[in-house]
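S.K.: Pasted the sequence and its predicted model underneath.
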Amino acid sequence: VSWKGAPEVSSKGWSFKPRGRLQFDAARISRPAGVADTGLGFSNELRRAYLGVQGTMPGGFGYRIDIDFAPSSPEFQEAFIDYTHGRTTITAGQHNGFQGLEELTSDVNTSFMERAAFTDAFGFERRLGISAQYRGDVLLLQGGVFTDNIADLSDDANNSYGFDGRIVFSPKMGGANLHLGASAHYRDTGGTGAGTRYRQRPQLHPTDVRFLATPALQVTSETSYGLELATVAGPFHAAAEAHWMRVSVAGAADPTFFGGYIEGGWLLTGESRGYRDGAFDRIKPANPVSDGGIGAFALNVRYDYLDLSDAGIIGGRQQGFLAALIWKPTDYVLFALNGGRLLFDDAALAGTGGDRDYGATVVGLRSQIDF
Amino acid sequence: VSWKGAPEVSSKGWSFKPRGRLQFDAARISRPAGVADTGLGFSNELRRAYLGVQGTMPGGFGYRIDIDFAPSSPEFQEAFIDYTHGRTTITAGQHNGFQGLEELTSDVNTSFMERAAFTDAFGFERRLGISAQYRGDVLLLQGGVFTDNIADLSDDANNSYGFDGRIVFSPKMGGANLHLGASAHYRDTGGTGAGTRYRQRPQLHPTDVRFLATPALQVTSETSYGLELATVAGPFHAAAEAHWMRVSVAGAADPTFFGGYIEGGWLLTGESRGYRDGAFDRIKPANPVSDGGIGAFALNVRYDYLDLSDAGIIGGRQQGFLAALIWKPTDYVLFALNGGRLLFDDAALAGTGGDRDYGATVVGLRSQIDF
Amino acid sequence: VSWKGAPEVSSKGWSFKPRGRLQFDAARISRPAGVADTGLGFSNELRRAYLGVQGTMPGGFGYRIDIDFAPSSPEFQEAFIDYTHGRTTITAGQHNGFQGLEELTSDVNTSFMERAAFTDAFGFERRLGISAQYRGDVLLLQGGVFTDNIADLSDDANNSYGFDGRIVFSPKMGGANLHLGASAHYRDTGGTGAGTRYRQRPQLHPTDVRFLATPALQVTSETSYGLELATVAGPFHAAAEAHWMRVSVAGAADPTFFGGYIEGGWLLTGESRGYRDGAFDRIKPANPVSDGGIGAFALNVRYDYLDLSDAGIIGGRQQGFLAALIWKPTDYVLFALNGGRLLFDDAALAGTGGDRDYGATVVGLRSQIDF
């Protein structure tokens, strides 16, 4: 038995660990003049409540199940079987499609309460599929073929599929960890009829307001590319990402949407931000409160950009100026305070006199435990 | 590893325990003359099916998640993070608002299959919030601020909030444990539009019939007060509670509803009813069947009262004369037989010739295991 | 701690084990000429995703909870409390009604990806009830009284109930295990109004197409009988089952539907198919990949028959010619390839020119892990 939040029991190739996380969020979104939406102002919610298990079996097999009970109907996050031989892992089931550094970093370890605006806007999600990854010393190769997520596959007419690939080069240079990544993605929607809206919340989740949103588009396929650059050097880290998504629309011009961010962070208490397998990992306080210390404090700032307007489609443009203060009293407990100013052009919600170019100030608070 | 129904693994400030409970109920509600409702007569159900986890981490942190899978959509019961330092505990997340002795006693340890009629009628439930409690030797202080329960917070326009406080004095006098409690509660509904009905089932849950029910009221706030008195003396216990809820209704007079009960119980096999932290606790048989004994037998009787008519609102009045026989073959297995006669005035369902003053006889059976 | 997929912790009458399974299925159903249904062709899904627990407590008590999270709302599979004394077990809660060899064999151990066509067509499911079973050396006796499944009991007007009994004689003859079983079932529907359709998918589950389906019938009761015959002899096994269901329809003639199958199987790698307590059990590879072996390979063939036409009701008739190749690299991991040809008479879906007599070719693939 070893403790990783919850106990992991293991013996001769066998292992088993319960998994879980709780995130309670409160948010305040300022009301741009003239915007009438009851979801602005204060709101609060259980952001995520995962319960799950993971384990391994002799012979190289493993599994992971994470179910999020926070939505009104439970939603599968990870649900897969994998097989590992040396540096290579084959995974079958629902898992992430190697979308990029920000999306692949676990939400218990992200710099901000919510990920960069482009990730949700571009519909990143876990899907059923088969993938392979090779973990070299400095090279990570990932590729897979996917259909759709478990909930959407309950429609037996769903014939969507796609391919995803990613390569990460992560050498050590001097005392710094470097991360250079690139990914490419193609998805055929199978011609599902209802239409797709690309849209995003204002950087905090308790509200359901979307200042940015395209109309419903008859999407036939999506092709996207991402570039990633990051470094961890002692208590500092920096990261930047850019992602282009070209959307093929039936009977109309094909827009290319774009999003990205650039961020810097400082662990005031001197620890280094964790990094592993092409994504950021857990911050572990050098002096946790359990040893009489004050835990770890981190300060992050980010410029976030998302443009959902192109080729005649007006989905709006958002610039976010964000700051985060994180306190981790111990490895598995986190409190975060987020603040920011968002500037919108061509927002989906009209303000005074039809004005669609305005700003909003957002403040958020998270309490989190995971195991 | 220690066994508390399920195994609790613990080591150096870490602990983890799976949680669960199953309650299978069958009920028979007699049909008052002329009342047409298909839910009367026999019915049966899975009353509760909780799965969850609880744990602690070094530094004083802990968590608990209980999800009830018996409803058609899973419902969160407890879902919180807490921090304990000495006699003080801070809790953040969904938990109970210190409503009173009956509500705070776990449903695996209550005297009857269902709690006193006023608890559901007054809408007692767990809500998201932050609270503090101090556990002294004979004094318990509890107070918190809450928003709403997790499911209702999925509406981002929900701006309800409230305050709850409770004080319990529990000295030992001679061989007896005494319990004196008082609580006060205020809730601003945030002006949610749909209206609130105060209502209650006939002391058994498999049926969905409500003999008592107010019309939907446009509630702006609720203010309530409770008094609690109880004692455990050897194999005997007695308990009484009274709760007044004043409801502010938009554009109408404000009714005050009232409920309470008085009960006595006898553990025929000589054990004492458990009591801890301002609530009743588990009955532990002195001679469980696992040691060749017969387990514990308890007999409880109760007079229950609920009045939902005031200030021109006719919600009805119920008097319940109830008896319960409980058999606990071991600490974590329970069978209960409940019977009673309910008398209604101004019931919500009309009987023969429009009669609304009648009675019903109820019989219920529960099989339960928990861990 | 012992490992049965997941760790089982046990001590002095106490035990506890997490439970789970994942089945990912892909299927291709050929399109009979002229049949227009978007669910034909390729489809894939998470077939089952169970999480649950089981345990025992001193004194002979035990419990099991299995929840399937694959459907859009979680569904209870097993949810019961039991008590075992010597060879006799009393079970209260939701469990199977002793429907027959195929239904009682766990879906992780069946010969084919889906069970015989009659099992779903006849509405076999777990229900709330109380049962007793006696396990002798060669004799198994099972009987119980049931109401309905947990989800359907949320309707408090549901007054259905039924009785189920089964007897199995399983002597060893020479080196072979013999299995002779018979079961009888009666169910009063309590006169629920919506009507019942008897129907079935084409042997694979990712599609929701039903080639066979009766109209909605106003069923008042169901009476059914089953016969079972099976043997395991070294690496070979054979099994056959027949089930008759007489349906009482309000105001119409009472049809008797019939289904059954006959199958043979060969474990190419020499193991014997598991058998225990009147059902097939797990195949355990003699040389699992964890020991450098190739695991176990099994080949099964089956003729499956289902007739839903009788007494003026035209539900259709299906003959299935099925083959399965199973690979078990270790005890708890399985991959299955299924193929078959189905022949329909009087199908529910019209083909070219109204033709209802045609065939379909089906191919399926499953990846499975359980614990």
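M.R.: Arrived safely. Numbers count the residues shown, from 1 in each chain, chains lettered A, B, ... in the order given.
S.K.: Nearest spatial neighbour of A:A240, chain-adjacent residues omitted?
M.R.: A:I262 (4.2 Å; C-beta to C-beta, 6 or more residues apart in numbering or on different chains). Just so you know, the C-beta spots here come from the backbone N, C-alpha and C atoms, and that holds for glycine as well.
S.K.: my read: the one you found touches A:Q319, true?
M.R.: No: counting by C-beta atoms under 8 Å, A:I262 stays clear of A:Q319, with 11.8 Å between them.
S.K.: Could you name the helices and strands sitting against the one helix or strand A:Q319 maps to?
M.R.: Assigned by DSSP states H and E, A:Q319 falls within strand A:313-330. Packing partners of strand A:313-330 (3 or more C-beta pairs under 8 Å, 6 or more residues apart in numbering or on different chains; DSSP states H and E): strand A:212-213, strand A:296-310, strand A:333-345.
S.K.: And the average pLDDT for the shortest one is what?
M.R.: Taken as a whole, strand A:212-213 carries a mean pLDDT of 98.
S.K.: Now the element after that strand, going C-ward?
M.R.: strand A:219-233.
S.K.: Could you list the buried residues of that next one?
M.R.: Neighbour counts over strand A:219-233 (16 or more other C-beta atoms under 10 Å in any protein chain shown) mark A:219-224, A:226-232 as buried.
S.K.: Which other helices and strands does the helix or strand just after it contact?
M.R.: Following strand A:219-233 in sequence order, the next helix or strand is strand A:236-249 (DSSP H and E). Packing contacts for strand A:236-249, counted by 3+ C-beta pairs under 8 Å, 6+ apart, involve helix A:101-104, strand A:219-233, strand A:256-267.
S.K.: A:G39: what secondary structure?
M.R.: Secondary structure state of A:G39, per DSSP: H, G, I helix; E, B strand; the rest coil, is coil.
S.K.: my read: it touches A:H205, true?
M.R.: No: when contacts are counted by C-beta under 8 Å, A:G39 is not listed as touching A:H205 (11.2 Å).
S.K.: Who has more neighbours out of these two?
M.R.: A:H205 (21 against 17; other C-beta atoms under 10 Å in any protein chain shown).
S.K.: residues from chain A in reach of chain C?
M.R.: Contact residues (C-beta under 8 Å from any C-beta of the partner chain) of chain A with chain C: A:9, A:11, A:13-14, A:16, A:18, A:51-53, A:55, A:57-61, A:63, A:65, A:67, A:73-74, A:76, A:79-81, A:92-94, A:128, A:147, A:150-151, A:153-154, A:156-159.
S.K.: And the residue nearest the centre of chain A?
M.R.: By C-alpha atoms, centre = their mean, chain A has its centre lying nearest to A:E103, at 3.3 Å.
S.K.: Surely that one is in contact with A:G123?
M.R.: No: using C-beta under 8 Å, A:E103 makes no contact with A:G123, being 11.0 Å away.
S.K.: residues contacting A:T269?
M.R.: Residues counted as contacts of A:T269 (C-beta atoms under 8 Å, 6 or more residues apart in numbering or on different chains) are A:P235, A:P285, A:A286, A:N287, A:I294, A:G295, A:A296, A:F297.
S.K.: Let's see that with 7 Å instead.
M.R.: By C-beta atoms under 7 Å, 6 or more residues apart in numbering or on different chains, A:T269 lies in contact with A:P285, A:A286, A:A296, A:F297.
S.K.: what's the closest of those to B:H85?
M.R.: A:P285 (18.0 Å; C-beta to C-beta).
S.K.: Number of residues surrounding the closest one?
M.R.: Neighbour tally, A:P285, other C-beta under 10 Å: 24.
S.K.: Kindly report the same for the one 5 residues further on.
M.R.: Applying the criterion other C-beta under 10 Å, we find 20 residues in the vicinity of A:S290.
S.K.: Assign a three-state SS to the residue of the stretch 251-371 of chain A found nearest chain B, would you?
M.R.: Of all residues in the stretch 251-371 of chain A, A:S290 sits closest to chain B, at 3.5 Å by C-beta to the nearest C-beta. Judged by three-state DSSP, the three-state class of A:S290 is helix.
S.K.: What of the one 4 residues further on?
M.R.: Reducing the assignment at A:I294 to three states with three-state DSSP gives coil.
S.K.: Surely it and A:P285 touch.
M.R.: No: here A:I294 does not reach A:P285: they are 8.3 Å apart, not a contact under C-beta atoms under 7 Å.
S.K.: in the stretch 51-200 of chain A, which spans are strands?
M.R.: Per DSSP state E, counting those that start in this stretch, the stretch 51-200 of chain A carries strands over the ranges A:61-68, A:75-85, A:88-95, A:127-135, A:139-146, A:161-169, A:172-173, A:176-188, A:199-200.
S.K.: Who are the packing partners of the third one?
M.R.: Right, the one you point to is strand A:88-95. Applying 3 or more C-beta pairs under 7 Å, 6 or more residues apart in numbering or on different chains; DSSP states H and E, we find strand A:88-95 packed against strand A:75-85, strand A:127-135, strand C:14-29.
S.K.: For those strands, state which one has the densest average packing.
M.R.: Most buried of the helices and strands packed on strand A:88-95 by mean neighbour count (mean count of other C-beta atoms under 10 Å in any protein chain shown) is strand C:14-29; its value is a mean of 23.
S.K.: C-alpha coordinates for that one, PDB please?
M.R.: The C-alpha coordinates for strand C:14-29 follow below in PDB (Å, rounded to 0.1, in the frame of the first residue of the first chain):
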ATOM      1  CA  TRP C  14     -15.300  -9.500   6.800                       C
ATOM      2  CA  SER C  15     -14.400  -9.100   3.100                       C
ATOM      3  CA  PHE C  16     -14.600  -6.200   0.600                       C
ATOM      4  CA  LYS C  17     -13.900  -6.100  -3.100                       C
ATOM      5  CA  PRO C  18     -14.400  -3.300  -5.700                       C
ATOM      6  CA  ARG C  19     -16.000  -4.500  -8.900                       C
ATOM      7  CA  GLY C  20     -15.900  -3.300 -12.400                       C
ATOM      8  CA  ARG C  21     -16.000  -4.100 -16.100                       C
ATOM      9  CA  LEU C  22     -15.400  -2.300 -19.400                       C
ATOM     10  CA  GLN C  23     -16.600  -3.700 -22.700                       C
ATOM     11  CA  PHE C  24     -16.000  -1.800 -25.900                       C
ATOM     12  CA  ASP C  25     -17.900  -3.100 -29.000                       C
ATOM     13  CA  ALA C  26     -17.700  -2.400 -32.700                       C
ATOM     14  CA  ALA C  27     -20.200  -3.900 -35.100                       C
ATOM     15  CA  ARG C  28     -21.100  -4.000 -38.700                       C
ATOM     16  CA  ILE C  29     -24.600  -5.100 -39.700                       C
END
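S.K.: returning to that earlier point: taking the contacts of A:T269, please make a ChimeraX selection of just the buried ones.
M.R.: Buried members of these, defined by 16+ other C-beta under 10 Å, are picked up in ChimeraX with:
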select /A:285,296,297
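S.K.: and the two most separated of the contacts of A:T269?
M.R.: Farthest pair in these, by C-beta to C-beta: A:A286 and A:F297, 11.2 Å.
S.K.: gap between the nearest residue to A:Q77 once chain neighbours are set aside and B:V209?
M.R.: Leaving aside its chain neighbours, A:Q77 sits nearest to A:D66 (4.0 Å; criterion: C-beta to C-beta, 6+ apart). Using C-beta to C-beta, to the nearest Å, A:D66 is found at 40 Å from B:V209.
S.K.: same deal with A:I167?
M.R.: 64 Å.
S.K.: With neighbour numbers in mind, choose between those two.
M.R.: The neighbour comparison of A:I167 against B:V209 (other C-beta under 10 Å) goes to B:V209, with 20 against 16.
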